[in-house]
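Trainee: Okay, predicted coordinates and the sequence, questions at the end:
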Amino acid sequence: MSAQDTVLIVGAGPAGLSAAATVTSMGKKAVVVEKEDILGGAPIISGYAKLVPSGEWAKDAIGRMVSRVEGDGNVSVHKSSRVTQLDGEAGNFTAHLSNGEKVGAGSIVLATGFTHFDSINKPEWGFGTYEDVLTTTQMEQMVASGKIRCPSDGRVPERVAILLCVGSRDRQIGREWCSKICCTVSTNLAMEIKELSPSTDVFIYYMDIRTFGLYEDKFYWKSQEEFKTKFVKARIAEVTRSPDGRLLVKGEDTLVKRPIVIPMDLVVHAIGMDPNVLNPEIAKIFGIGLEKHGFIDRAEQYTNSQGTTRKGVYVCGAATGPEDIDSSIAQGQSAASRAVADLYGMQKVAV
Amino acid sequence: MAIHEKTLIDPDRILQHDHLVVDGVDVSGSWNTMISPRTLTDYEPDFEKIIQGYSGGENVHRCWQCGSCTNSCTMYAQNVDFNPRYWIYLIRLGLKSELLKDKDIIWQCVSCNKCTNICPKDVRPEGVMKATAHWLEENGLTPKTLSTHFDEEFTHQCLEYGRIEDTEVMMGFYKRSGQPLVQTWIIEFGKNLARHLPLGQLAKMGLNAVFRPRTKSWGRTGHVLAEYVKAQKEAAHHG
């Protein structure tokens, strides 16, 4: 395996798996380095339920991507390992891995993903204080388990409140971006909750609803019209507990122009996508730049779409900013094809 | 606390006391005005279903509050308190007490249907206004309209006799709606009748007034019909 025949792919989530399959389909070899001991990335590690927009279970859909790569003789996988040092330059990189091995590669694709926002950073919304305050990922796991119950005492919740923009669009905590997928994920989650627990009413507290593209009617409208999800225009100020043990969401209903204190049984934080916490380290090791929020920066958008600020190093998926799974997969293909073109010395970038 | 600027507060939240003693302390005088809190403490999520049970209200749950209805509304141009978008929101969350604050203007919808034509979600706001006005009236929250009084008298006679008698319908309608039985137009009508003296017609009217005619073999039909109408209504409104 010579460096000129090989693309190094860092991260084995939807974007990285897609990149690996693309590299081998173009007749080259891929080396995948994954820091976790399983492949599949966030959808598998965090136990997502049904994916948007296919409605397929994450373990089935992403599972297929994993088995395609694992069954590919031209892909070698290093699990539970990281790149600790990178030598050389475009066309002839050498990566040192934490498991002691060295990988020679002509080009590199970073598919290092994101980190879920940690709700502990918004203590006023009760996460970590009350057992019945959960995040969307925890709620996804509850849906996957097939039963909707309050963690505190196992009762079926009469009401669930989903709070949007937790860790997004919030200057107070330095997150000025929209995480793009939480609106759609939340409207989908509301439908899944209603399906499993028809007696539960779901309320979504929002500032705006950003179910982009075809997600508008397939998720937002459907959730509202067929599954009776109620949308309340209010940014919640605080979640507290009433003496009877239920939760109270406090805020201002901006359409009624009145303060609200409404009892709820479960409160779900629609958590946003942070830059991968390891990005500063990744930037240092690979010699690439980060954009102002801490996601991996791109050199030029139009003739070098997946290029980082370093020649021969490409990036795809949520490493570059909040991204949905479908787009991450498409970007994985895009980055891989640029990386393979590099191996042939065929890359053309307008200057 | 003392209120310095009462105009800033909804009148229904200002609590006036002539004398007020709090914890044994007499706070009468300039301290005796209190404000009830304006916080909304709960929803009534089933209220939406009740309005959906009235003809026209079926699509109220589709609303996403864009405000196209209010923007296009003929009545809103006359009175900014006439706000279909806002009422639909209150209906959806079941904020009944807020809705009832506007109960005396909701009926003013002129059914121009501009809202229904413009609504991007096909909520049919004009229908929602109609449904809401009917709900208000049926529950005694607004007085019965003249047309309701007329309908009730008309239906009553149909069920009772299997037919209607014009004079009786008019008289019953005036009685039900609290209007004088002797109207100026009736006096004019009487004068004209007297001038031409259609004896046969007058005799028939007189006989009908004394011996109330009933449709042949009407029997229990009216009773059965009334039961049916009642059941249909129950099913639609309280399903």
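Mentor: Perfect, I can see it now.

Trainee: could you show me where the strands are in the stretch 51-200 of chain A, in order?
Mentor: Along the stretch 51-200 of chain A, counting by DSSP state E, counting those that start in this stretch, strands occupy A:75-78, A:83-89, A:92-97, A:102-105, A:107-110, A:114-116, A:133-135, A:159-166.

Trainee: Poorly predicted segments of chain B, please.
Mentor: The model of chain B has pLDDT under 70 over residues B:1-6, B:30, B:238-239.

Trainee: can I see the domain layout of it?
Mentor: Structural domains assigned to chain B are B:6-35, B:47-138, B:146-230, following automatic domain parsing.

Trainee: Give me whichever of those is most buried.
Mentor: For these, the stretch with the most neighbours on average is domain B:47-138, a mean of 19; neighbours defined as mean count of other Cβ atoms under 10 Å in any protein chain shown. Using the backbone N, CA and C atoms, a C-beta is placed for each residue, glycine as well.

Trainee: Distance from the chain centre to that one, please.
Mentor: Between the mean C-alpha point of domain B:47-138 and the mean C-alpha point of its chain there is a distance of 14 Å (Cα atoms, centre = their mean, to the nearest Å).

Trainee: and that domain with chain A, contact?
Mentor: Yes - counting by Cβ under 8 Å from any Cβ of the partner chain, chain A has neighbours in domain B:47-138: B:61-62, B:64-65, B:86, B:89-90, B:92-93, B:95, B:98, B:121.

Trainee: picking up where we left off before, tabulate the strands of the stretch 51-200 of chain A (CSV), appending distance to B:Thr132, mean pLDDT and mean neighbour count.
Mentor: CSV is the format used below for the strands of the stretch 51-200 of chain A (distance: least, Cβ to Cβ, whole Å; pLDDT from 0 to 100; neighbours: other Cβ atoms under 10 Å in any protein chain shown):
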stretch, distance to B:Thr132, mean pLDDT, mean neighbour count
strand A:75-78, 63, 98, 18
strand A:83-89, 64, 97, 15
strand A:92-97, 68, 97, 18
strand A:102-105, 68, 97, 19
strand A:107-110, 57, 98, 31
strand A:114-116, 44, 98, 18
strand A:133-135, 36, 98, 22
strand A:159-166, 25, 97, 26
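
Trainee: Select, out of these, the one closest to B:Ser111.
Mentor: Each of those has some distance to B:Ser111 by Cβ to Cβ; the shortest is strand A:159-166, at 36.1 Å.

Trainee: Can you name the residues of chain A that neighbour chain B?
Mentor: Proximity of chain A to chain B is confined to A:201, A:203, A:209, A:221, A:224-225, A:228, A:230-233, A:253, A:255-256, A:258-263 under the rule Cβ under 8 Å from any Cβ.

Trainee: A:Ala20 and chain B, how far apart?
Mentor: 42 Å (Cβ to the nearest Cβ, to the nearest Å).

Trainee: nearest spatial neighbour of that residue, skipping sequence neighbours?
Mentor: Distances taken as Cβ to Cβ, 6 or more residues apart in numbering or on different chains place A:Ala30 nearest to A:Ala20, at 4.3 Å, with adjacent residues excluded.

Trainee: Do I have it right that the one you found meets A:Leu17?
Mentor: No - A:Ala30 lies out of contact with A:Leu17 (Cβ atoms under 8 Å); the separation is 10.0 Å.

Trainee: related to what we said a few turns ago, now for the residues of domain B:47-138 next to chain A, which pair is the farthest apart?
Mentor: Across the residues of domain B:47-138 next to chain A, no pair lies farther apart than B:Glu98 and B:Lys121, at 22.0 Å, counting by Cβ to Cβ.

Trainee: re the thing from before, next, format the residues of domain B:47-138 next to chain A as CSV and append secondary structure.
Mentor: Putting the residues of domain B:47-138 next to chain A into CSV (DSSP: H, G, I helix; E, B strand; the rest coil) gives the following:
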residue, secondary structure
B:His61, helix
B:Arg62, helix
B:Trp64, coil
B:Gln65, coil
B:Tyr86, helix
B:Tyr89, helix
B:Leu90, helix
B:Arg92, helix
B:Leu93, helix
B:Leu95, coil
B:Glu98, helix
B:Lys121, coil
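
Trainee: between these, which is nearest A:Lys102?
Mentor: Nearest to A:Lys102 among those, counting by Cβ to Cβ, is B:Trp64 at 56.6 Å.

Trainee: Give the closest residue to A:Lys194 in space, chain neighbours not counted.
Mentor: Among residues not flanking A:Lys194 along the chain, A:Phe227 sits closest, at 4.5 Å (Cβ to Cβ, 6+ apart).

Trainee: Could you say which helix or strand holds the one you found?
Mentor: A:Phe227 belongs to no helix or strand when assigned by DSSP states H and E.

Trainee: Would you enumerate the residues in contact with it?
Mentor: By Cβ atoms under 8 Å, 6 or more residues apart in numbering or on different chains, the residues touching A:Phe227 are A:190-191, A:194-195, A:202.

Trainee: and the gap between it and A:Ile204?
Mentor: Distance, A:Phe227 to A:Ile204, by Cβ to Cβ, to the nearest Å: 11 Å.

Trainee: so what sits against both of those two?
Mentor: With the criterion set as Cβ under 8 Å, 6+ apart, the overlap between the contacts of A:Phe227 and A:Ile204 is A:Ala190.

Trainee: Counting residues, name the longest helix you see in chain B.
Mentor: helix B:221-238 (DSSP state H).

Trainee: dump the residue contacts of residue 129.
Mentor: As the question left the chain open, I've gone with chain A. Taking Cβ under 8 Å, 6+ apart as the definition of contact, the neighbours of A:Thr129 are A:Pro123.

Trainee: hm, I was asking about chain B
Mentor: B:56, B:84, B:87, B:106, B:109, B:111.

Trainee: farthest pair in those residues?
Mentor: When the contacts of B:Met129 are compared pair by pair using Cβ to Cβ, the farthest-apart members prove to be B:Trp87 and B:Ser111, with a separation of 15.4 Å.

Trainee: Isn't A:Leu278 up against A:Thr112?
Mentor: Yes - if you go by Cβ under 8 Å, A:Leu278 and A:Thr112 touch, sitting 7.0 Å apart.

Trainee: Looking at these two, which one has more neighbours?
Mentor: Between A:Leu278 and A:Thr112, counted using other Cβ atoms under 10 Å in any protein chain shown, the more crowded position is A:Thr112 (29 against 14).

Trainee: Does the more buried one touch A:Gly11 like I think?
Mentor: Yes - counting by Cβ under 8 Å, A:Thr112 does reach A:Gly11; the two are 4.6 Å apart.

Trainee: Between those two, which contacts overlap?
Mentor: Residues touching both A:Thr112 and A:Gly11 (Cβ under 8 Å, 6+ apart) are A:Ala319.

Trainee: For chain A, which helix extends over the most residues?
Mentor: Among the elements of chain A assigned as helix by DSSP H, the one spanning the most residues is helix A:325-343.

Trainee: which helices and strands does that helix pack with?
Mentor: Contact partners of helix A:325-343 among helices and strands, from 3 or more Cβ pairs under 8 Å, 6 or more residues apart in numbering or on different chains; DSSP states H and E: strand A:6-10, helix A:14-25, strand A:107-110, strand A:313-315.

Trainee: Quick one: closest of those to B:Asp42.
Mentor: Using Cβ to Cβ as the criterion, the shortest distance between B:Asp42 and the helices and strands packed on helix A:325-343 is 42.3 Å, found for helix A:14-25.

Trainee: how close does the residue sitting nearest the centre point of chain B sit to chain A?
Mentor: For chain B, the residue sitting closest to the mean C-alpha position, by Cα atoms, centre = their mean, is B:Glu137 at 3.0 Å. The span separating B:Glu137 from chain A equals 24 Å under the rule Cβ to the nearest Cβ.
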